[in-house]
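>>> after the sequence you'll find the predicted model.
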Amino acid sequence: MKAQTIMVCSGKGGTGKSTIAVLLGASLAAQDKRVLLIELDSGLRSVDIIAGVYGKTVYDIEDVLCGRCEGDKAVVQSPLYPGLSVISAPYEGGVVRPEPLARLISLMAGYFDFILLDTAAGMGPAFEAAAGVCSRALLVLTPDPIALRDGRIVADRLIADGHPQSSLRLVVNRLRPDSFGRRCAVFDLDECIDTVGVQLLGVVPESPALQRSVMAGEALPADCPAAVACAAIAGRILGRRIPLTI
């Protein structure tokens, strides 16, 4: 069985896209799925720290795509989240090219149930390359007008490039108690959905515990609200009917 390839994207930076990619991968792995997370955000990598593989990587995605090493040489197992494998982005330089990425995905697809592609924010080369190989896309956005507007642009671009709207899903991240209301820039969750025009998959609350766990190099506790929300998102991806809670 070949892996399902999902790109995790956003219109703007700072939405927590990489964090959601790691937590989603960890949640799928916790449900007995083999997961490979490939970070494509060259020069701004963060997945290695969040997944706990910082200092453990020898090769990165640029080494693989340029042919300096085979794909399996760059795969590192997360010590924090069992079952989650990671290929990191380079610290600097490198451009993700569609053809080498497609070859890598084809080679890896037989060994994993899910391949997650953590793209760079916006619609540059990494976005284009990921869009060319993925079967689904998750738009990770924060509940603010700029992120939502840019998310709509990304969604429209994916649809224009041939991705059916049914393959796109919205994740609203970093939700706070004061995110919505008549005196806020965004009135409610429905406004988020209507603005982006994509079906909602899940809502993840702001998490100070997540910041502490990253700083300490530890796994996010399973009972943390952000972890619970990501586990629910993973369950929905696997086809389970899990009620949405905010």
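Received the coordinates, thanks.

>>> so where's this structure uncertain?
1, 43, 93 (pLDDT under 70).

>>> which residues in the chain form helices?
17-30, 47-50, 61-65, 98-108, 125-131, 145-160, 189-196, 208-216, 225-237 (DSSP state H).

>>> number of nearby residues for Thr15?
Per other CB atoms under 10 Å, the neighbour tally for Thr15 reads 25. Every residue, glycine included, has its C-beta placed from N, CA and C.

>>> quick check: Arg152 touching Thr195?
Yes: using CB atoms under 8 Å, Arg152 is in contact with Thr195, at 5.9 Å.

>>> which strand runs longest in this structure?
Assignment by DSSP state E gives strand 168-175 as the longest strand of the chain.

>>> related to what we said a few turns ago, with mean neighbour count as extra columns, can I get the helices of the chain in TSV?
As requested, those are exported to TSV (neighbours: other CB atoms under 10 Å):
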stretch	mean neighbour count
helix 17-30	27
helix 47-50	23
helix 61-65	22
helix 98-108	16
helix 125-131	22
helix 145-160	18
helix 189-196	18
helix 208-216	14
helix 225-237	21
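
>>> reformat those helices as CSV; add distance to Ser10.
Shown next, in CSV, are the helices of the chain (distance: least, CB to CB, whole Å):
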stretch, distance to Ser10
helix 17-30, 5
helix 47-50, 14
helix 61-65, 19
helix 98-108, 19
helix 125-131, 10
helix 145-160, 7
helix 189-196, 11
helix 208-216, 17
helix 225-237, 15
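
>>> among these, which comes closest to Ala3?
Counting by CB to CB, Ala3 lies closest to helix 98-108 out of those; the figure is 6.9 Å.

>>> for that closest one, C-alpha coordinates in CSV please.
The C-alpha atoms that make up helix 98-108 are tabulated as CSV, following Å, rounded to 0.1, in the frame of the first residue of the first chain:
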residue,chain,number,x,y,z
PRO,A,98,9.6,19.1,-8.4
GLU,A,99,11.1,16.2,-10.2
PRO,A,100,13.6,15.0,-7.5
LEU,A,101,11.0,15.4,-4.9
ALA,A,102,8.5,13.3,-6.9
ARG,A,103,11.2,10.6,-7.3
LEU,A,104,11.8,10.6,-3.5
ILE,A,105,8.1,10.4,-2.7
SER,A,106,7.8,7.5,-5.1
LEU,A,107,10.7,5.6,-3.5
MET,A,108,9.5,6.3,0.1
